[in-house]
Each structure stands twice: as structure tokens, then as C-alpha cells.
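K.L.:
Sequence isn't available, so here's the structure alone:
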């Protein structure tokens with residue numbers, strides 16, 4: 001994704017070498033928010049007021065569970081360096097209708 005349009009404002013994404021969002025800019029090129037990461041994706045510094053949820057490796061980070069959605073698995077960047085298994089698999093058994 002190169003840009004996101006919310007209402008009348010556009011935000012343009014700036015990525016680092018592994019695809020993590022390091023900045024968002026407005027249409028004039030001025031940075032509106034920035035993010036800095038540790039080696040395994042934990043956000044160590046953030047500026048600006050954007051509600052961007054695409055952070056580490058451009059994956060969506062859930063604000064509710066603080067995990068990055070990698071499709072069939074979720075990644076926990078907050079505990080990646082501690083040696084704890086950082087990947088969480090989600091399996092759906094089915095929907096029970098009453």
C-alpha cells in the first residue's frame with residue numbers, strides 16, 4: 001500500500017528495508033507520524049497522531065490484542081526477544097448456529 005485516503009486527507013507510507021512503516025507523510029511530503037522499531041518489531045518510539053495499524057513488516061497490528069496479523073498466524077513483537085514463542089496460531093473450528 002502506498003497511500004491511504006481517510007475522508008479528505010491522504011497519508012503516504014514510507015518503509016524501511018524489511019517493509020516496516022517508519023513514517024507517514026501528507027500530500028506535501030511533510031512527516032505526520034514516525035515509528036522506530038527494535039530488531040524483532042517492537043515499537044520503541046512513535047510520534048504523531050495517526051491511527052495507522054500497519055506497522056512491523058506492513059502487517060496489521062490489532063489494537064485489542066497487540067498482535068501483528070500475518071494471515072494464518074499472529075506475531076507477538078513485544079515478547080520476541082525474550083525467547084518465548086512469538087507466533088500464535090488461530091484455528092477456527094466452525095460457527096455454531098442456534
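P.N.:
Ah, there it is. Here the structure is a predicted model, which means the values were calculated and not measured.

K.L.:
For the protein, name the helix or strand with the lowest mean pLDDT.
P.N.:
Every helix and strand of the chain was ranked by mean pLDDT, DSSP states H and E. The lowest is strand 3-6, at a mean of 60.

K.L.:
residues near the residue nearest to residue 72 when sequence neighbours are not counted, how many?
P.N.:
For residue 72, ignoring the flanking residues on the chain, the nearest one in space by CB to CB, 6 or more residues apart in numbering is residue 89 at 6.9 Å. To be clear about C-beta, it is placed using only N, CA and C from the backbone, and glycine gets the same treatment. Residue 89 has 7 neighbouring residues, counting by other CB atoms under 10 Å.

K.L.:
Residue 89 against residue 73, yeah?
P.N.:
Yes: counting by CB atoms under 8 Å, residue 89 touches residue 73, with 5.3 Å between them.

K.L.:
Quick one: residues contacting the residue nearest to residue 72.
P.N.:
72, 73, 74 (CB atoms under 8 Å, 6 or more residues apart in numbering).

K.L.:
Please pick the buried ones from those residues.
P.N.:
residue 74 (16 or more other CB atoms under 10 Å).

K.L.:
Save the contacts of residue 89 as JSON lines, and put in pLDDT, secondary structure and distance to residue 10 too.
P.N.:
What follows is these, written out as JSON lines (pLDDT from 0 to 100; DSSP: H, G, I helix; E, B strand; the rest coil; distance: CB to CB, whole Å):
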{"residue": "72", "pLDDT": "78", "secondary structure": "coil", "distance to residue 10": "31"}
{"residue": "73", "pLDDT": "82", "secondary structure": "strand", "distance to residue 10": "31"}
{"residue": "74", "pLDDT": "83", "secondary structure": "strand", "distance to residue 10": "29"}
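
K.L.:
which regions of the chain lie under the pLDDT threshold?
P.N.:
Applying pLDDT under 70 to the chain flags the ranges 1-8, 80-85, 90-98.

K.L.:
What ranges does it have for its strands?
P.N.:
Secondary structure of the chain (DSSP state E): strands at 3-6, 9-15, 21-25, 31-37, 43-48, 60-61, 68-69, 73-75, 87-89.
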